[in-house]
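> whatever this is, show me its structure:
(chains A and B)
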Amino acid sequence: MKLATWNVNSLKVRLPHVLDWIERHRPDALCLQETKIEDANFPVSAFTDAGYHAVFTGQKTYNGVAIIARTPPQAVVIGIPDFDDPQKRVISASIEGMRLVCAYVPNGETVESAKYVYKLDWLARFRHWLEREAQSHPALAVLGDYNIAPEDRDVYDPVAWAGKVLCSEPERSAFRGLVALGLDDAFRRFDQPPRSWSWWDYRMNMFRRKLGLRIDHILLSAPLAERCGACTIDASARAAERPSDHAPVCCELDWPTATAAAATVSPVASEES
DNA sequence: ATGGCTATGTAGCATAGA
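Below you'll find the predicted structure:
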(Lines give C-alpha, C1' and ligand atoms only; values in the text may rest on other atoms or scores of the structure.)
Protein backbone atom coordinates (compact mmCIF):
# COMPACT_ATOMS: atom_id res chain seq x y z
CA MET A 1 0.00 0.00 0.00
CA LYS A 2 1.49 3.28 -1.11
CA LEU A 3 0.30 6.75 -0.10
CA ALA A 4 1.69 9.99 -1.49
CA THR A 5 1.24 13.75 -1.37
CA TRP A 6 2.31 16.37 -3.88
CA ASN A 7 1.75 20.11 -4.14
CA VAL A 8 1.57 20.38 -7.93
CA ASN A 9 1.25 24.19 -8.20
CA SER A 10 -1.41 24.09 -10.94
CA LEU A 11 -2.83 20.74 -12.03
CA LYS A 12 -3.41 22.17 -15.49
CA VAL A 13 0.31 22.70 -16.03
CA ARG A 14 1.39 19.63 -14.09
CA LEU A 15 -1.14 17.04 -15.34
CA PRO A 16 1.46 15.33 -17.57
CA HIS A 17 3.86 15.20 -14.62
CA VAL A 18 1.21 13.70 -12.34
CA LEU A 19 0.06 11.12 -14.90
CA ASP A 20 3.65 10.08 -15.53
CA TRP A 21 4.32 9.85 -11.79
CA ILE A 22 1.29 7.68 -10.96
CA GLU A 23 2.04 5.46 -13.95
CA ARG A 24 5.56 4.81 -12.67
CA HIS A 25 4.81 4.66 -8.93
CA ARG A 26 1.24 3.29 -8.93
CA PRO A 27 0.28 4.78 -5.54
CA ASP A 28 -2.93 3.53 -3.96
CA ALA A 29 -3.68 7.14 -3.16
CA LEU A 30 -2.12 10.45 -4.14
CA CYS A 31 -3.13 13.68 -2.42
CA LEU A 32 -2.73 16.83 -4.50
CA GLN A 33 -2.55 20.44 -3.37
CA GLU A 34 -2.69 23.75 -5.20
CA THR A 35 -4.64 22.32 -8.10
CA LYS A 36 -5.79 25.88 -8.91
CA ILE A 37 -8.67 24.51 -10.94
CA GLU A 38 -12.44 24.78 -10.63
CA ASP A 39 -14.34 21.52 -10.19
CA ALA A 40 -16.01 21.86 -13.61
CA ASN A 41 -12.57 21.85 -15.26
CA PHE A 42 -11.00 19.03 -13.24
CA PRO A 43 -9.39 16.49 -15.61
CA VAL A 44 -11.45 13.53 -14.37
CA SER A 45 -11.14 11.41 -17.51
CA ALA A 46 -7.34 11.67 -17.58
CA PHE A 47 -7.29 9.91 -14.21
CA THR A 48 -10.07 7.49 -15.13
CA ASP A 49 -8.06 6.47 -18.19
CA ALA A 50 -5.07 5.87 -15.91
CA GLY A 51 -7.17 3.57 -13.71
CA TYR A 52 -7.76 6.04 -10.91
CA HIS A 53 -10.72 7.66 -9.20
CA ALA A 54 -10.60 11.34 -8.28
CA VAL A 55 -12.39 13.44 -5.69
CA PHE A 56 -11.64 17.13 -5.46
CA THR A 57 -12.60 20.59 -4.38
CA GLY A 58 -11.12 23.55 -6.15
CA GLN A 59 -11.37 27.16 -7.13
CA LYS A 60 -9.96 29.49 -9.73
CA THR A 61 -6.34 30.68 -9.35
CA TYR A 62 -5.65 29.62 -5.76
CA ASN A 63 -5.69 26.59 -3.48
CA GLY A 64 -7.61 23.46 -4.47
CA VAL A 65 -7.06 19.87 -3.26
CA ALA A 66 -7.78 16.40 -4.62
CA ILE A 67 -7.42 12.73 -3.73
CA ILE A 68 -6.55 10.36 -6.57
CA ALA A 69 -7.07 6.71 -5.64
CA ARG A 70 -7.10 3.25 -7.21
CA THR A 71 -10.32 2.33 -5.39
CA PRO A 72 -13.33 4.66 -5.13
CA PRO A 73 -12.92 7.08 -2.22
CA GLN A 74 -15.81 6.67 0.24
CA ALA A 75 -17.51 9.13 2.59
CA VAL A 76 -15.91 12.16 1.00
CA VAL A 77 -15.90 15.29 3.15
CA ILE A 78 -15.04 18.72 1.75
CA GLY A 79 -13.30 21.20 4.02
CA ILE A 80 -13.17 21.34 7.80
CA PRO A 81 -16.71 20.82 9.14
CA ASP A 82 -18.16 23.83 10.97
CA PHE A 83 -15.44 26.07 9.52
CA ASP A 84 -16.88 28.18 6.74
CA ASP A 85 -13.63 28.78 4.86
CA PRO A 86 -14.02 29.91 1.23
CA GLN A 87 -10.47 28.73 0.53
CA LYS A 88 -10.49 25.15 -0.73
CA ARG A 89 -7.79 23.54 1.40
CA VAL A 90 -9.07 20.19 2.72
CA ILE A 91 -10.67 17.05 1.36
CA SER A 92 -10.95 13.74 3.17
CA ALA A 93 -12.15 10.28 2.24
CA SER A 94 -11.83 6.61 3.14
CA ILE A 95 -10.10 3.91 1.11
CA GLU A 96 -9.06 0.39 2.06
CA GLY A 97 -10.26 0.79 5.64
CA MET A 98 -8.27 3.91 6.37
CA ARG A 99 -9.17 7.58 6.54
CA LEU A 100 -7.19 10.00 4.38
CA VAL A 101 -7.04 13.74 4.95
CA CYS A 102 -5.52 15.85 2.18
CA ALA A 103 -4.59 19.31 3.42
CA TYR A 104 -3.12 22.50 2.04
CA VAL A 105 -2.17 24.57 5.08
CA PRO A 106 -2.07 28.35 4.50
CA ASN A 107 1.30 29.84 3.67
CA GLY A 108 1.15 32.79 6.04
CA GLU A 109 3.25 35.12 3.88
CA THR A 110 5.20 36.68 6.77
CA VAL A 111 4.83 36.52 10.54
CA GLU A 112 3.66 40.16 10.47
CA SER A 113 0.92 39.41 7.92
CA ALA A 114 -2.81 39.01 8.51
CA LYS A 115 -2.36 35.79 6.52
CA TYR A 116 -0.12 34.53 9.33
CA VAL A 117 -2.94 35.12 11.83
CA TYR A 118 -5.25 33.22 9.48
CA LYS A 119 -2.69 30.42 9.23
CA LEU A 120 -2.44 29.97 13.00
CA ASP A 121 -6.22 30.17 13.41
CA TRP A 122 -6.64 27.68 10.57
CA LEU A 123 -4.17 25.28 12.20
CA ALA A 124 -6.03 25.53 15.53
CA ARG A 125 -9.32 24.64 13.82
CA PHE A 126 -7.58 21.88 11.86
CA ARG A 127 -6.21 20.37 15.04
CA HIS A 128 -9.53 20.59 16.84
CA TRP A 129 -11.24 18.75 13.99
CA LEU A 130 -8.46 16.15 13.61
CA GLU A 131 -8.70 15.35 17.29
CA ARG A 132 -12.24 14.12 16.65
CA GLU A 133 -11.26 12.48 13.37
CA ALA A 134 -8.52 10.52 15.11
CA GLN A 135 -11.05 9.24 17.61
CA SER A 136 -13.57 8.10 15.00
CA HIS A 137 -10.93 6.80 12.55
CA PRO A 138 -8.13 4.84 14.27
CA ALA A 139 -6.40 4.34 10.91
CA LEU A 140 -5.84 7.96 9.96
CA ALA A 141 -3.34 9.48 7.52
CA VAL A 142 -3.00 13.25 7.16
CA LEU A 143 -1.07 14.13 4.04
CA GLY A 144 -0.28 17.47 2.53
CA ASP A 145 1.58 20.72 2.26
CA TYR A 146 1.81 21.86 5.88
CA ASN A 147 3.84 24.96 5.05
CA ILE A 148 5.81 24.26 8.23
CA ALA A 149 9.41 23.10 8.54
CA PRO A 150 9.09 21.24 11.86
CA GLU A 151 12.73 21.43 12.95
CA ASP A 152 15.96 23.23 12.08
CA ARG A 153 17.20 20.13 10.25
CA ASP A 154 14.29 20.67 7.84
CA VAL A 155 15.73 24.02 6.73
CA TYR A 156 18.77 24.64 4.52
CA ASP A 157 19.78 27.72 6.52
CA PRO A 158 18.09 27.61 9.93
CA VAL A 159 19.88 30.75 11.12
CA ALA A 160 18.66 32.84 8.19
CA TRP A 161 15.15 31.38 8.54
CA ALA A 162 14.94 31.62 12.35
CA GLY A 163 11.58 33.08 13.34
CA LYS A 164 10.53 33.50 9.73
CA VAL A 165 7.28 32.18 8.33
CA LEU A 166 7.35 28.36 7.85
CA CYS A 167 9.86 28.12 10.71
CA SER A 168 8.43 30.31 13.48
CA GLU A 169 7.86 28.81 16.91
CA PRO A 170 4.06 29.24 16.85
CA GLU A 171 3.93 27.29 13.57
CA ARG A 172 6.25 24.59 14.87
CA SER A 173 4.22 24.42 18.05
CA ALA A 174 1.07 23.93 15.94
CA PHE A 175 2.80 21.10 14.08
CA ARG A 176 3.77 19.45 17.36
CA GLY A 177 0.15 19.85 18.41
CA LEU A 178 -0.89 17.69 15.48
CA VAL A 179 1.76 15.12 16.34
CA ALA A 180 0.47 15.16 19.92
CA LEU A 181 -2.85 13.81 18.63
CA GLY A 182 -0.94 10.56 18.09
CA LEU A 183 0.07 11.33 14.51
CA ASP A 184 3.62 10.40 13.61
CA ASP A 185 5.78 12.22 11.03
CA ALA A 186 6.34 9.20 8.76
CA PHE A 187 9.50 10.62 7.22
CA ARG A 188 11.27 10.82 10.57
CA ARG A 189 10.52 7.22 11.49
CA PHE A 190 13.44 6.26 9.27
CA ASP A 191 17.07 7.16 8.72
CA GLN A 192 17.11 9.82 6.03
CA PRO A 193 19.77 11.59 4.04
CA PRO A 194 20.81 14.81 5.76
CA ARG A 195 19.44 17.93 4.10
CA SER A 196 16.28 16.31 2.76
CA TRP A 197 13.84 18.85 1.33
CA SER A 198 10.38 18.75 -0.27
CA TRP A 199 10.33 22.34 -1.59
CA TRP A 200 12.89 24.49 -3.36
CA ASP A 201 12.34 28.11 -4.36
CA TYR A 202 12.13 28.59 -8.11
CA ARG A 203 14.49 31.54 -7.82
CA MET A 204 18.24 31.68 -7.41
CA ASN A 205 18.80 28.13 -8.68
CA MET A 206 17.82 26.80 -5.28
CA PHE A 207 17.17 23.25 -6.49
CA ARG A 208 20.44 23.01 -8.35
CA ARG A 209 22.18 24.36 -5.25
CA LYS A 210 20.31 21.81 -3.08
CA LEU A 211 18.83 24.54 -0.85
CA GLY A 212 15.28 23.87 0.28
CA LEU A 213 12.84 23.18 3.09
CA ARG A 214 10.90 20.11 4.18
CA ILE A 215 7.33 21.37 4.49
CA ASP A 216 5.28 18.55 2.93
CA HIS A 217 4.47 15.77 5.35
CA ILE A 218 2.65 12.52 5.94
CA LEU A 219 1.32 12.08 9.47
CA LEU A 220 0.15 8.60 10.48
CA SER A 221 -1.88 7.37 13.43
CA ALA A 222 -0.33 4.50 15.41
CA PRO A 223 -2.00 1.59 13.57
CA LEU A 224 -0.63 2.95 10.29
CA ALA A 225 2.71 4.20 11.61
CA GLU A 226 3.64 0.78 12.97
CA ARG A 227 2.94 -0.72 9.52
CA CYS A 228 4.92 1.94 7.68
CA GLY A 229 8.03 0.44 6.08
CA ALA A 230 9.40 3.48 4.26
CA CYS A 231 8.89 7.16 3.65
CA THR A 232 10.75 9.01 0.93
CA ILE A 233 10.80 12.27 -0.99
CA ASP A 234 11.02 11.91 -4.77
CA ALA A 235 13.29 14.89 -5.41
CA SER A 236 13.77 13.70 -9.00
CA ALA A 237 10.34 15.16 -9.80
CA ARG A 238 11.74 18.62 -9.05
CA ALA A 239 14.34 18.11 -11.79
CA ALA A 240 11.68 17.71 -14.52
CA GLU A 241 10.92 20.19 -17.27
CA ARG A 242 8.58 22.89 -15.91
CA PRO A 243 8.45 21.26 -12.47
CA SER A 244 6.33 22.07 -9.48
CA ASP A 245 8.41 23.75 -6.78
CA HIS A 246 7.42 20.85 -4.49
CA ALA A 247 8.39 17.18 -4.74
CA PRO A 248 6.13 14.23 -3.90
CA VAL A 249 6.40 12.58 -0.48
CA CYS A 250 5.58 8.88 -0.47
CA CYS A 251 5.12 6.22 2.20
CA GLU A 252 4.69 2.47 2.01
CA LEU A 253 2.45 0.57 4.39
CA ASP A 254 2.07 -3.11 5.10
CA TRP A 255 -1.69 -2.85 4.81
CA PRO A 256 -4.15 -5.24 3.17
CA THR A 257 -5.83 -3.84 0.06
CA ALA A 258 -8.84 -5.00 -1.91
CA THR A 259 -6.74 -5.30 -5.07
CA ALA A 260 -4.14 -7.42 -3.28
CA ALA A 261 -6.85 -9.54 -1.66
CA ALA A 262 -8.60 -10.13 -5.00
CA ALA A 263 -5.32 -11.36 -6.46
CA THR A 264 -4.87 -13.93 -3.68
CA VAL A 265 -8.47 -15.20 -3.56
CA SER A 266 -8.81 -18.47 -5.44
CA PRO A 267 -11.46 -18.72 -8.18
CA VAL A 268 -13.32 -21.36 -6.15
CA ALA A 269 -13.34 -19.16 -3.04
CA SER A 270 -14.61 -16.16 -4.96
CA GLU A 271 -17.42 -18.26 -6.45
CA GLU A 272 -18.48 -19.30 -2.98
CA SER A 273 -18.57 -15.74 -1.67
C1' DA B 1 21.07 41.68 -4.12
C1' DT B 2 14.22 42.90 -0.13
C1' DG B 3 15.71 40.76 -5.86
C1' DG B 4 15.26 36.52 -7.93
C1' DC B 5 10.97 32.60 -10.54
C1' DT B 6 6.39 30.57 -11.74
C1' DA B 7 1.29 30.55 -12.37
C1' DT B 8 -3.04 32.87 -12.92
C1' DG B 9 -6.24 36.25 -14.65
C1' DT B 10 -6.28 39.01 -18.12
C1' DA B 11 -4.29 41.99 -21.67
C1' DG B 12 -0.59 45.99 -18.09
C1' DC B 13 0.78 44.15 -14.40
C1' DA B 14 -1.00 42.67 -9.88
C1' DT B 15 -1.33 38.92 -6.58
C1' DA B 16 0.36 34.85 -4.44
C1' DG B 17 3.37 31.38 -3.45
C1' DA B 18 7.17 29.91 0.50
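
> can we go C-alpha only for contacts and neighbour counts from here?
Fine.

> show me the shaky parts of the stretch 151-273 of chain A.
Scanning the stretch 151-273 of chain A for pLDDT under 70 picks out the ranges A:265-273.

> got the residues of it near DNA strand B?
The stretch 151-273 of chain A has residues A:166, A:199, A:201-205, A:213, A:215, A:242-244 near DNA strand B, with proximity defined as CA under 7 Å from any atom of the strand.

> quick one, what contacts the spatially closest residue to A:Ile95 that is not a sequence neighbour?
Distances taken as CA to CA, 6 or more residues apart in numbering put A:Pro73 closest to A:Ile95, at 5.4 Å, once the chain neighbours are dropped. A:Pro73 makes contacts with A:53-55, A:93-95, as judged by CA atoms under 8 Å, 6 or more residues apart in numbering.

> tabulate those residues (TSV), appending distance to DNA strand B.
Converted to TSV, the contacts of A:Pro73 look like this (distance: CA to the nearest atom of the strand, whole Å):
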residue	distance to DNA strand B
A:His53	22
A:Ala54	19
A:Val55	19
A:Ala93	22
A:Ser94	25
A:Ile95	26
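
> filter those residues to the buried ones?
By neighbour count, with 16 or more other CA atoms under 10 Å, the contacts of A:Pro73 hold A:53-55, A:93-95 as buried.

> in a markdown table, list those along with secondary structure and pLDDT.
Putting the buried ones among the contacts of A:Pro73 into a markdown table (DSSP: H, G, I helix; E, B strand; the rest coil; pLDDT from 0 to 100) gives the following:
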| residue | secondary structure | pLDDT |
| --- | --- | --- |
| A:His53 | strand | 98 |
| A:Ala54 | strand | 98 |
| A:Val55 | strand | 98 |
| A:Ala93 | strand | 98 |
| A:Ser94 | strand | 98 |
| A:Ile95 | strand | 98 |
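
> let me know the closest of the residues of the stretch 151-273 of chain A next to DNA strand B to DNA strand B.
A:Arg203 (3.4 Å; CA to the nearest atom of the strand).

> let's verify the residue of the stretch 1-150 of chain A found nearest DNA strand B: helix, strand, or coil?
Distance from DNA strand B to each residue of the stretch 1-150 of chain A (CA to the nearest atom of the strand) is smallest for A:Thr61, at 3.7 Å. Using DSSP: H, G, I helix; E, B strand; the rest coil, the structure places A:Thr61 in coil.
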